[in-house]
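Asks: Quick one: sequence and predicted model below, then my questions.
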Amino acid sequence: MVFTLKKQIMENNRDGFSGKFGVIAAAAGSAIGLGNIWRFPYILGENGGAAFLLVYLLFIFVMGVPVMLSEFVIGRKAQSNIIGAFKKTAPGKPWYIIGIMGIGAAFMILSFYSVVAGWTLEYAFLALKNNFAGKDIVEIKTIYDNLTAGSWNSVIIMILFLAITALIVSFGIQKGIERYSKILMPMLFIIIVLLCIRSITLAGASDGLNFLFKPDFGKLTTNAILQALGQAFFSLSLGMGVMATYGSYIKKSESLGKTAISVSLTDTCIAVLAGVAIFPAVFAFGIEQGEGPGLVFVTLPAIFNQMFGGYFFAVSFFILLIIAALTSAISLLEVVVAYFSEELKLNRIAATWIATGATIMPAIICAKYGAVFNFFDKTSSNVLLPLGGLLIVIFAGWFMGLNKVRKELEADGRPARYFKVFIFIIRFLAPIAIALVFLNSLGLMNAGNF
Ligand code: PHE
């Protein structure tokens, strides 16, 4: 199978997902990753907990799902990469700028994402060598601080991660990955559930649950709302073309609506579980909730240390997390590679290595300079993705033609009963809400803190 796929790719025919499960696995593979397990808890911790969670959930279902569906529609209709898709559906119009922004965002995200994936790889090695055993929070934090201080070691391991991603994308063995993910991701899920159980049974855990589930709207700042929006887009891989590109590989017989809902539900479920695993422990161990990007990397080994079979679970967890990160990184690289190979007519292997080569420099800078890392992290999630999403829904809602949208949604032969609601959201609700959040965070509205 690998070989036929490779041949297909070499001949530059468009590849497709095998079936319903393949589509959901690939899109969920993109969505589920470090965003759920590393980024979600740290952003939630910085933004006050439960009230943030509520806003986040609202954004996922009111905006995330419709944006995802719009991307699927655009991609599947155009059968093309993210820039080509707009050139095809709106010839002679500047909408393809959305695609250019998307490619820019893909490079930016891939750069800092690979750094965090590198830390995860290093953690898997450390766990394998049993290096965390018996260490307390302070000692674990020292390990994390040394690892992330921008050593060349972390650079090399980051490049290793990028190279693995590139190998998979260039040889087109995604199908193989897809197949394993179907077994591996449920295993990751089981370990997270076990982590949750251990975490909520720690002494002092209830404060963490309160933090996560008892909203204090006084803590909901303007900035927190923007962060929730950014995190919703980041976690669902929206606003930069991943879902449009994957949409172009979805067969006409698949239901786009069901796919969007299943992917969003699975993704959200994993993020919330990650929160339940982390916060009780954060409070029990006296870690600062606003610790930042290190939050999870300091907390997790401490939970494993308190767990029966901790060594086994820690090793498995970090390996599975790397695989989750890989399927997300693959989707980021795929956006660029699909563009390079289709529009610039490069062969797929050259396209992959050029795109990867171009990522290495910014990624090294992210590994070495925390400020650049943060800038890339925050700008891509809080600005580029929501802005991309805003333009995407405006395009699908106002410019693509409702008939075409409907036809694409119903291509599987079933009526899209949600059509009116969907159109209302993408025409009015989502664009207005995104615009308001932006204006609000620019201080142009006087909403202040709720
Ligand atoms: N959604 C991925 C995650 O949560 C990250 C990602 C963002 C992937 C944007 C593709 C595009 O880990």
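Replies: Alright, I've got the coordinates. Residues are numbered from 1 along each chain as shown.

Asks: For the stretch 1-150 of the chain, what lies in contact range of the ligand?
Replies: Taking Cβ under 6 Å from any ligand atom as the criterion, the stretch 1-150 of the chain approaches the ligand at residues 30, 31, 33, 34, 35, 36, 109. All C-beta atoms are positioned from the backbone trio N, CA, C, and that covers glycine.

Asks: Inside helices: which ones of those?
Replies: Under the assignment DSSP state H, those contribute 30, 31, 34, 109 to helices.

Asks: tell me the contacts of whichever residue of the stretch 51-200 of the chain sits closest to the ligand?
Replies: The nearest approach of the stretch 51-200 of the chain to the ligand comes at residue 109, 5.3 Å away (Cβ to the nearest ligand atom). When contacts are counted by Cβ atoms under 8 Å, 6 or more residues apart in numbering, residue 109 touches 234, 240, 332, 376, 380.

Asks: per-residue confidence at the fourth one?
Replies: pLDDT, residue 376: 97.

Asks: buried ones in the one helix or strand it maps to?
Replies: Using DSSP states H and E, the element containing residue 376 is helix 370-379. For helix 370-379, the neighbour count (16 or more other Cβ atoms under 10 Å) marks 372, 373, 376, 377 as buried.

Asks: Pick the one among these closest to the ligand.
Replies: Lowest distance from the ligand to the buried residues of helix 370-379 (Cβ to the nearest ligand atom) belongs to residue 377, with 10.9 Å.

Asks: residue contacts, the closest one?
Replies: 39, 112, 293.

Asks: so of those, which ones are in helices?
Replies: residue 112.

Asks: For ChimeraX, what selects the buried ones among the contacts of residue 377?
Replies: If you want just the buried ones from the contacts of residue 377 in ChimeraX, going by 16+ other Cβ under 10 Å, the selection is:
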select :39,112,293
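
Asks: For my notes, please list the contacts of residue 377 in a markdown table and give distance to residue 349 and pLDDT for each entry.
Replies: Conversion of the contacts of residue 377 to a markdown table gives the following (distance: Cβ to Cβ, whole Å; pLDDT from 0 to 100):
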| residue | distance to residue 349 | pLDDT |
| --- | --- | --- |
| 39 | 31 | 98 |
| 112 | 26 | 98 |
| 293 | 33 | 95 |
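
Asks: which residue packs closest to the residue of the chain found nearest the ligand, ignoring adjacent ones?
Replies: Residue nearest to the ligand within the chain: residue 35 (2.0 Å; Cβ to the nearest ligand atom). Leaving out its chain neighbours, the residue that sits closest to residue 35 by Cβ to Cβ, 6 or more residues apart in numbering is residue 235, at 4.3 Å.

Asks: need the contact list for that neighbour.
Replies: Contacts of residue 235 by Cβ under 8 Å, 6+ apart are 31, 35, 36, 39, 40, 60, 267, 268, 271.

Asks: Return the helix or strand in the chain with minimum mean pLDDT.
Replies: helix 2-10 (a mean of 40; mean pLDDT, DSSP states H and E).

Asks: circling back to that earlier point, most neighbours of all the ones in helices among the residues of the stretch 1-150 of the chain next to the ligand, which one?
Replies: For those, the largest neighbour count, defined by other Cβ atoms under 10 Å, is 29 neighbours, found at residue 31.

Asks: Please list all residues in contact with it.
Replies: Residue 31 makes contact with 235, 236, 237, 263, 264, 266, 267, 328, according to Cβ under 8 Å, 6+ apart.

Asks: count of residues packed around the nearest residue to it once chain neighbours are set aside?
Replies: Leaving aside its chain neighbours, residue 31 sits nearest to residue 267 (4.2 Å; criterion: Cβ to Cβ, 6+ apart). Residue 267 has 26 neighbours, counted by other Cβ under 10 Å.

Asks: Good, we can wrap up now.
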